[in-house]
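Enquirer: Need a 3D model of the sequence below.
(one chain, ligands or ions: 2)
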Amino acid sequence: MTDCLFCKMAAGDIQPDIVHEDQEILAFRDINPRAPVHILIIPKTHVPTLNDLDDVQMAGRLLLTAAELAKQQGLAEDGYRTVINCNAHGGQEVFHLHVHLLGGRQLTWPPG
Ligand code: 5GP
Ligand code: ZN
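Expert: Ligands and ions are numbered 1, 2, ... in the order given. Below is the predicted model:
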């Protein structure tokens with residue numbers, strides 16, 4: 001999708017701080033980190049929200065990539081959080097599906 005920020009990153013037109021890339025997935029550091037480690041994991045194909053995801057394999061890959069990156073970033077033992085914001089009530093601002101991986105400090109619950 002030409003006017004989508006994360007599609008531009010997936011296409012290499014904009015270069016974020018990439019921590020993982022394979023044929024189907026890109027993971028990069030959030031520009032406005034909410035925790036010492038804040039990574040976004042996206043499918044390279046344009047999927048606007050979690051409501052639109054119908055690819056079971058992609059759903060699994062996104063989650064397993066988050067877990068793998070959590071290990072790589074040294075978060076696995078202390079713990080971390082994965083978040084997918086969906087639409088207005090979820091607080092979604094970028095309408096290209098992404099999994100937030102947050103860690104490196106004690107996170108509070110419940111979210112705001
Ligand atoms: P959402 O609120 O849609 O779940 O999260 C969107 C995330 O994208 C936010 O955490 C925001 O900081 C991040 N973001 C927005 N624009 C950019 C950008 O240009 N580069 C990077 N790396 N992250 C961005
Ligand atoms: Zn997109």
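Enquirer: what's the neighbour count on residue 66?
Expert: Neighbourhood size, residue 66 [other C-beta atoms under 10 Å]: 23. Quick note: C-beta positions are derived from backbone N, CA and C, even for glycine.
Enquirer: what does residue 109 give?
Expert: Per other C-beta under 10 Å, the neighbour tally for residue 109 reads 6.
Enquirer: the longest helix in this protein is where?
Expert: helix 56-72 (DSSP state H).
Enquirer: Give me every residue in this structure lying close to ligand 2.
Expert: The chain comes close to ligand 2 at residues 1, 4, 6-7, 46, 96, as judged by C-beta under 5 Å from the ion.
Enquirer: Quick check: the farthest pair among the residues you listed?
Expert: Maximum pairwise distance in the residues of the chain next to ligand 2, criterion C-beta to C-beta, is 9.0 Å, between 1 and 6.
Enquirer: of those two, who's got more company?
Expert: Just comparing residue 1 and residue 6: by other C-beta under 10 Å the higher neighbour count belongs to residue 6, 23 against 14.
Enquirer: Name the helix or strand for that one, please.
Expert: Element membership of residue 6, judged by DSSP states H and E, is helix 5-11.
Enquirer: roughly how far is that helix from the heart of the chain?
Expert: Once both centres are worked out by C-alpha atoms, centre = their mean, to the nearest Å, helix 5-11 turns out to sit 13 Å from its chain's centre.
Enquirer: Would you mind writing the CA trace of it as CSV?
Expert: Coordinates of each C-alpha in helix 5-11 appear next as CSV, following Å, rounded to 0.1, in the frame of the first residue of the first chain:
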residue,chain,number,x,y,z
LEU,A,5,4.4,4.0,6.6
PHE,A,6,5.1,0.4,7.6
CYS,A,7,4.7,-0.8,4.0
LYS,A,8,7.4,1.7,3.1
MET,A,9,9.6,0.2,5.7
ALA,A,10,8.9,-3.3,4.5
ALA,A,11,9.8,-2.2,0.9
